[in-house]
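Novice: Sequence first, predicted model second:
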Amino acid sequence: LQPDLGNTLVASDRGEGASFIGAAFTPGRMLSLLYIPADGQGSREITLNLKLFLGPLKAHWFNPAKDPALGPNEMALPNRDRQTLRTPGDNGTGVNDWVLVLQTAN
């Protein structure tokens, strides 16, 4: 993975300091991982620039505190302009950190 040093994927609420949302891509932008650190217990809204991907996406929220592996909870996202998503909220441990896995559907 290569870090998104240009901050191109997260279009809003990147956070700062300990709440900074880190993003990384594979070289061909077929896969991206975002770490959304805890900033409380509630859901957090982020806007993503999905036109950076070559095709439609599968998105999956991964709970870094409890999930042993990626599960079947996927959502389809188009690869056009900006898309606003909400994190699931409390991850079951009293905080709201999550990992978002984006993968092209092809």
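Specialist: In hand now; what should we look at?
Novice: How much space separates the nearest residue to L57 once chain neighbours are set aside from V95?
Specialist: The shortest distance from L57 to any non-neighbouring residue, by C-beta to C-beta, 6 or more residues apart in numbering, is to L77 (4.4 Å). C-betas here are computed from N, CA, C, even on glycine. According to C-beta to C-beta, to the nearest Å, L77 and V95 sit 25 Å apart.
Novice: ok, back up a step: so how many other residues sit close to the residue nearest to L57?
Specialist: Burial of L77 is recorded as 17 neighbouring residues (other C-beta atoms under 10 Å).
Novice: Low-confidence regions, this protein specifically.
Specialist: Applying pLDDT under 70 to the chain picks out residues 13-18, 68-73, 106.
Novice: Which stretches in it count as strands?
Specialist: Taking DSSP state E to define them, one finds strands in the chain at 2-3, 10-12, 22-25, 31-36, 45-49, 57-62, 74-77, 82-86, 98-104.
Novice: Run through who's touching the first one.
Specialist: When you say that, I think you mean strand 2-3. The contact list for strand 2-3, computed with C-beta atoms under 8 Å, 6 or more residues apart in numbering, reads G22, A23, A24, F25, T26, P27.
Novice: Could you dump those into CSV with neighbour count and distance to I36 added?
Specialist: As requested, these are exported to CSV (neighbours: other C-beta atoms under 10 Å; distance: C-beta to C-beta, whole Å):
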residue, neighbour count, distance to I36
G22, 16, 9
A23, 22, 10
A24, 15, 13
F25, 19, 16
T26, 13, 19
P27, 8, 23
